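J.: Compute the structure for the input listed below.
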Amino acid sequence: QVQLVESGGGLVQAGGSLRLSCAAVGNIFSINAMGWYRQAPGKQRELVATITSGGNTNYADSVKGRFTISRDNAKKTVYLQMNSLKPEDTAVYYCNADIGRHWYSSPSAYWGQGTQVTVST
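T.: Down below sits the predicted model:
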């Protein structure tokens, strides 16, 4: 069994910072791309940032220059450093990872349980 365990959400004032973490635990052979998505009330889930196993990153235009995604492959963990937070960043943030459980199986997408980020004015 594989789980993505998220931590680090909370309430912060506009202009502040938060760091999210997501650790993959369980029977894991390999992890390809990892990423963060978010869903605000009444809106669809949207991509925030992704990072490949080699460290290539991709960001939504709305967070470029403010958010930084990184990963520690040894710890099977992905991070999202969020600076200069705005009220419109308020959402539930979900971790995502493409994980292969065996050398002979194709990777599957896994999701974390979500962590609330609230930015007040």
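J.: how about the nearest residue to the residue nearest the centre of the chain, chain neighbours excluded?
T.: The centre of the chain sits closest to Trp36, judged by CA atoms, centre = their mean, with a distance of 2.7 Å. With sequence-adjacent residues excluded and distances taken as CB to CB, 6 or more residues apart in numbering, Trp36 is closest to Val48, at 4.3 Å. In short, each C-beta sits where N, CA and C put it, glycine included.
J.: if we can go back for a sec, the residue nearest to the centre of the chain: what secondary structure?
T.: Counting by DSSP: H, G, I helix; E, B strand; the rest coil, the backbone at Trp36 sits in strand.
J.: Following element in sequence after the helix or strand where the residue nearest to Trp36 lies, please.
T.: Using DSSP states H and E, Val48 maps to strand 46-51. Using DSSP H and E, the helix or strand that follows strand 46-51 in sequence is strand 57-59.
J.: just to revisit the earlier point, okay, the residue nearest to Trp36: pLDDT?
T.: Per-residue pLDDT puts Val48 at 98.
J.: Equivalent analysis for the one 10 residues further on, please.
T.: The predicted structure scores Asn58 at 98 on the pLDDT scale.
J.: And the one 10 residues further on, by the same measure?
T.: The per-residue pLDDT reported for Thr68 equals 98.
J.: Tyr104 now?
T.: So Tyr104 comes in at 89 (pLDDT).
J.: That one: neighbouring residues, count only.
T.: Counted with other CB atoms under 10 Å, residues neighbouring Tyr104 total 7.
J.: ranges for the strands of this structure?
T.: In the chain, the segments counted as strands under DSSP state E are 2-7, 10-13, 18-26, 30-39, 46-51, 57-59, 67-72, 77-82, 91-100, 108-111, 115-120.
J.: Partner strands of the second one, with direction?
T.: To tie it back to what came earlier, the one meant is strand 10-13. strand 115-120 (parallel) (DSSP bridges).
J.: contacts for the partner strand?
T.: 6-14, 16, 18, 20, 38, 82, 85-93 (CB atoms under 8 Å, 6 or more residues apart in numbering).
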